[in-house]
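Undergrad: structure of the sequence below:
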Amino acid sequence: MKSWSWAAALVVALALCGCSSFESRWNAAPSTSTDGVSGRWTGTWQNTNNAHGGPLQAVLIAKGSNDFSAYFHAGWGKRSGTFQTPIQGSREGDTFRFTGSKRVFGVKIKTSGAIQPNEFNAFYDSRFDSGTFTLKRP
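TA: All right, here's what the predicted structure looks like:
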């Protein structure tokens with residue numbers, strides 16, 4: 001599958017997840033948290049295979065001390081969509097290092113990164129695409 005076909009499939013997948021549920025989570029989430037991970041994040045995503053990229057928002061919801069549900073709302077051009085993935089990690093001082101993965105249309109998308117109280121940096125990778133997330137507290 002060519003990169004543009006994969007991007008089209010990702011657009012469809014993100015659109016199917018529903019923006020209204022993301023907005024509800026966004027509105028309910030705090031801007032900061034005592035665990036340094038949960039809550040709202042805002043920034044950008046950038047594909048490393050091509051020039052695709054755009055605005056990105058995230059809401060992280062604790063499911064345990066080191067387990068979170070990560071909800072992302074990404075924009076590209078005039079389009080946008082949401083994506084959810086579970087992440088798990090461990091703490092090293094004030095840094096939470098994590099990994100996660102999700103299958104979309106049979107393709108595994110892996111995520112890894114580090115979250116500090118005011119900075120969230122991550123990488124994503126699949127068979128067809130890879131890129132970065134750079135977020136901060138709003």
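Undergrad: chain center to the helix or strand hosting G75, what's the gap?
TA: For G75, the host element (DSSP states H and E) is strand 67-76. Put simply, strand 67-76 sits 4 Å off its chain's centre (CA atoms, centre = their mean, to the nearest Å).
Undergrad: counting by contacts, list what it packs against.
TA: Where contact means 3 or more CB pairs under 8 Å, 6 or more residues apart in numbering; DSSP states H and E, strand 67-76 is packed against helix 19-28, strand 53-62, strand 79-92. Just so you know, the C-beta spots here come from the backbone N, C-alpha and C atoms, and that holds for glycine as well.
Undergrad: and among those, the most buried is which?
TA: strand 53-62 (a mean of 19; mean count of other CB atoms under 10 Å).
Undergrad: next, the angle from it to helix 19-28.
TA: 60 degrees (axes from the mean of the first three to the mean of the last three CA atoms, to 10 degrees).
Undergrad: in the protein, where is pLDDT below threshold?
TA: Scanning the chain for pLDDT under 70 picks out 1-19.
Undergrad: how much space between the residue nearest the centre of the chain and G54?
TA: What sits nearest the mean C-alpha location of the chain, by CA atoms, centre = their mean, is F72, with 4.3 Å. Note on F72: its distance to G54, by CB to CB, to the nearest Å, is 12 Å.
Undergrad: what do you get for G81?
TA: G81 is 11 Å from G54, where distance means CB to CB.
Undergrad: which neighbours do these two share?
TA: A74 (CB atoms under 8 Å, 6 or more residues apart in numbering).
Undergrad: just grab the bridge partners of the closest residue in space to W76 that isn't next to it in sequence for me.
TA: Of all residues not flanking W76 in the chain, G54 sits nearest, at 4.3 Å (CB to CB, 6 or more residues apart in numbering). Going by DSSP bridges, G54 is paired in beta bridges with W45.
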